[in-house]
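K.L.:
Generate coordinates for the sequence data below:
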Amino acid sequence: MNAPQELFRPLIVPPQQPPRVQARIAFSRAPSGASYISAQHVGYPFHLGRTLKLPDDPQGMAAVYLQSCSGGIFAGEDLQVQLHAGPDSQVHVSTGAATVAHSMLEQSARQSVSLTAESGALLEYLPMATILFPLAKLHSQVKVTLHPGARVMLCDAFCLHTPQQAAGIFDFYRADLEVRCPAGRLLAGDRLALNGQDMLRQLPGVSHAYQTLATFMLVGQGLPVEALKTALRNALPTHPDSYLGVSALPNDCGVSLRIMSLDAVSLRSNLHKAWACVREHLTGVAPRMRRK
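P.N.:
Model (predicted):
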């Protein structure tokens, strides 16, 4: 007896679609010297505010807030953001408020941010910390494409929160940072993987009693690295509620700062000091405290 031919048909797997980019924003420098949004495609769950000229920003810098209008990050989401700073532009991008990573019972979530800074550009990507709710499972990715003469300031940070009448701690948090040249060669990388149960144990060498963590970087080649390390150490003196470390990135790629603190208030204060220190070193003017 011959088997039906349907049993021998090859399995056809449809090609995997690339992740949808929910926010794609490009900045350019006008002949007047002012930076502006030259292209944008922003969809749910993001909302892009109008360009602001904030006090004590460098002349011509464009400041924008990219906010979530969905209430945070939810299970199964794959959020994609692309920011492109054109030659000699000056851009500050923040979130304006912390982002909540909600409890995730079955699927994890991912947020990927791509930062491209062309020659002579200054791109600041400084979102406020992500708040990890109990059972949150989040993978954060930041990928930088660094052109010659460009400067990129970036931050990836999280803190913890347990709502009233709830219990538990986040499941896991993973953060990957990569800096590459336009040809794709890896210049620097940083990886962090932490699960909530290890954090509860308060292990020395892992988290101890600290409840927040941030990685802050100034990326660029040809920077006065030793002077920047000294300036950051002086701007963030030793304090019992924080633990800090400053180091040089490989391949003449800039400096990195790791911050751990007891609470979100201390973390926010330390991040502002780091931002103000580096901004003043680059431009001669320190920024004001960011609005809540």
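
K.L.:
give me the element Ser269 is part of.
P.N.:
Assigned by DSSP states H and E, Ser269 belongs to helix 264-283.

K.L.:
Kindly report the same for Leu213.
P.N.:
Using DSSP H and E, Leu213 maps to strand 212-219.

K.L.:
chain center to the lowest-mean-pLDDT helix or strand in the chain: distance?
P.N.:
When the helices and strands of the chain are scored by mean pLDDT, DSSP states H and E, helix 196-200 comes last with a mean of 87. Distance of helix 196-200 from its chain centroid, counting by CA atoms, centre = their mean, to the nearest Å, is 23 Å.

K.L.:
do the same with stretch 262-275
P.N.:
15 Å.

K.L.:
go on, stretch 61-75?
P.N.:
So, by CA atoms, centre = their mean, the centroid of stretch 61-75 is 12 Å from its chain's centroid.

K.L.:
Show me which positions of stretch 56-68 end up buried.
P.N.:
Asp57, Gly60, Met61, Ala62, Ala63, Val64, Tyr65, Leu66, Gln67, Ser68 (16 or more other CB atoms under 10 Å). From N, CA and C alone the C-beta is placed, and that goes for glycine too.

K.L.:
Those: which two are farthest apart?
P.N.:
Comparing all pairs in the buried residues of stretch 56-68 by CB to CB, the longest separation belongs to Gly60 and Ser68, at 28.1 Å.

K.L.:
ok so, going back, filter the buried residues of stretch 56-68 down to the ones in strands?
P.N.:
Among these, DSSP state E puts Ala62, Ala63, Val64, Tyr65, Leu66, Gln67, Ser68 in strands.

K.L.:
quick one: contacts for the second one?
P.N.:
The contact partners of Ala63, taken as CB atoms under 8 Å, 6 or more residues apart in numbering, are Thr51, Leu52, Lys53, Leu54, Asp57, Val91, His92, Val93, Ser94.

K.L.:
hmm, 6 Å instead?
P.N.:
Neighbour list for Ala63: Leu52, Leu54, His92 [criterion: CB atoms under 6 Å, 6 or more residues apart in numbering].

K.L.:
mind listing what the strand holding Leu213 pairs with, with the direction of each?
P.N.:
strand 151-160 (antiparallel), strand 254-261 (antiparallel) (DSSP bridges).

K.L.:
Tell me who's in contact with the spatially most central residue of the chain.
P.N.:
Nearest to the geometric centre of the chain sits Asp156, at 4.0 Å (CA atoms, centre = their mean). Residues near Asp156 by CB under 6 Å, 6+ apart: Ser140, Val142, Ala175, Thr215.

K.L.:
sorry, back to before: could you export the strands paired with strand 212-219 as JSON lines, including distance to Leu267 and mean pLDDT?
P.N.:
Output for the strands paired with strand 212-219, formatted as JSON lines (distance: least, CB to CB, whole Å; pLDDT from 0 to 100):
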{"stretch": "strand 151-160", "distance to Leu267": "6", "mean pLDDT": "96"}
{"stretch": "strand 254-261", "distance to Leu267": "5", "mean pLDDT": "96"}
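
K.L.:
how about the ones you listed in JSON lines, adding distance to Lys273?
P.N.:
Shown next, in JSON lines, are those (distance: least, CB to CB, whole Å):
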{"stretch": "strand 151-160", "distance to Lys273": "12"}
{"stretch": "strand 254-261", "distance to Lys273": "10"}
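
K.L.:
and Lys229, which of those strands is closest to it?
P.N.:
strand 254-261 (5.9 Å).

K.L.:
Show residues contacting stretch 217-235.
P.N.:
Outside stretch 217-235, the residues that touch it by CB under 6 Å, 6+ apart are 144, 146, 151-154, 179, 246, 248, 252, 254-257, 273, 277-278, 281.

K.L.:
Same question for stretch 70-87.
P.N.:
19, 21-28, 45, 91, 99-102, 104, 107, 109-121, 123.

K.L.:
Can I get the buried ones among those as something I can paste into ChimeraX?
P.N.:
To isolate the buried ones among the contacts of stretch 70-87 in ChimeraX, judged by 16+ other CB under 10 Å, type:
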select :22,23,24,25,26,27,28,45,91,99,100,101,102,104,109,110,111,112,113,114,115,116,117,118,120,121,123
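
K.L.:
List the ones among the contacts of stretch 70-87 that fall in strands.
P.N.:
23-28, 91, 99-101, 109-117, 123.

K.L.:
Of the contacts of Ala63 - the most surrounded one?
P.N.:
His92 (24 neighbours; other CB atoms under 10 Å).

K.L.:
about what we covered before: list the buried ones in the helix holding Ser269?
P.N.:
Result for helix 264-283 [16+ other CB under 10 Å]: buried residues 264, 266-279, 281-283.
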